[in-house]
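1. please work out how this folds:
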Amino acid sequence: MGSDEPYNFVFKVVLIGESGVGKSNLLSRFTKNEFNHDSRTTIGVEFSTRTVQLDSITIKAQIWDTAGLERYRAITSAYYRGAVGALLVYDISKHLTYESVERWLKELFDHADPHIVVMLVGNKTDLESVRTVPTEEAKDFAEKKGLLFMETSALESTNVESAFIDVLKAIHKKVASREVTRGSISAVTLSNPNAMSGEQEEKKPCCKNL
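-> Got it, this is the predicted structure:
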């Protein structure tokens, strides 16, 4: 999963949602297969990558975690710039985090590419006994809004891999079907020698520069 692996495309994916819903642990579970029980609210932005194989295509996912973004609105536009996929996360045991989903969705569409692939993610299914957000309610909301939907548990590593992979597959499907241009969704193919410079430009606005 090293960053020096050859790849065909690079896709920027962002994690959004209220603090405490488990965004950081979803990121660390997918990129490092780790879970931090003492995870604290992160200030600003965290950034990690993972290279995955989808059939004959190798995709490098650049995953940005908004940890605490709701307190740092100044970085919003830079955070969303170039994103082609998003996981909008809520906590199934805290209904208030689900109630804010529509606001996060509006902010996402205000700042991100209109063709962005969005998945609504109900995290912390390990807390099923204290669930306050019914699966069907969230699933119906996602369908009405044209979003993908999945419930996960970063703690138990349930559906975390599937959630990220499904988003990456949906992004690649848009590219392959020419529904959007590669430039529009910041997808880089290494078969095009001119794409390399574009990739470097896309990687510049990392969290260290914000």
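2. check contacts around residue 153.
-> Contact analysis of residue 153 by Cβ atoms under 8 Å, 6 or more residues apart in numbering lists 123-126, 159-160. (C-beta placed from N, C-alpha, C; glycine too.)
3. repeat that with 10 Å
-> Contacts for residue 153 (Cβ atoms under 10 Å, 6 or more residues apart in numbering) come out as 22, 25-26, 29, 35, 92, 122-128, 159-160.
4. what's the distance between it and residue 145?
-> For residue 153, the distance to residue 145 (Cβ to Cβ, to the nearest Å) stands at 23 Å.
5. so who does the closest residue to residue 48 other than its chain neighbours touch?
-> Distance criterion Cβ to Cβ, 6 or more residues apart in numbering; nearest residue to residue 48, sequence neighbours excluded, is residue 31 at 4.3 Å. For residue 31, the contact set (Cβ under 10 Å, 6+ apart) comprises 1, 47-50, 61, 63, 65, 164.
6. what about the helices in this structure?
-> If DSSP state H is used as the criterion, the helices of the chain fall at 23-32, 76-80, 95-99, 101-111, 135-145, 160-176, 195-203.
7. which of the ones you listed has the lowest average pLDDT?
-> Looking over those, mean pLDDT reaches its minimum on helix 195-203, with a mean of 36.
8. which residues pair with residue 90 across the strands?
-> With beta bridges defined as DSSP bridges, residue 90 has these partners: residue 122.
9. wouldn't it be in contact with residue 123 here?
-> Yes: taking Cβ atoms under 10 Å as the definition, residue 90 is a contact partner of residue 123 at 7.0 Å.
10. identify the contacts common to the two.
-> The contact sets of residue 90 and residue 123 overlap at 17, 21-22, 97 (Cβ under 10 Å, 6+ apart).
11. what's the most distant pair in the residues you listed?
-> 22 and 97 (9.8 Å; Cβ to Cβ).
12. so what sits against both of these two?
-> What both residue 22 and residue 97 touch, as defined by Cβ under 10 Å, 6+ apart, is the set 89-91, 123-124.
13. which of these lies closest to residue 173?
-> Closest approach to residue 173 among the shared contacts of residue 22 and residue 97 (Cβ to Cβ): residue 89, at 22.4 Å.
14. quick check: residue 133 vs residue 77, distance?
-> Here the distance between residue 133 and residue 77 works out to 30 Å (Cβ to Cβ).
15. ok, these two, which is more surrounded?
-> Counting neighbours by other Cβ atoms under 10 Å for residue 133 and for residue 77 shows that residue 133 has the greater number, 21 against 11.
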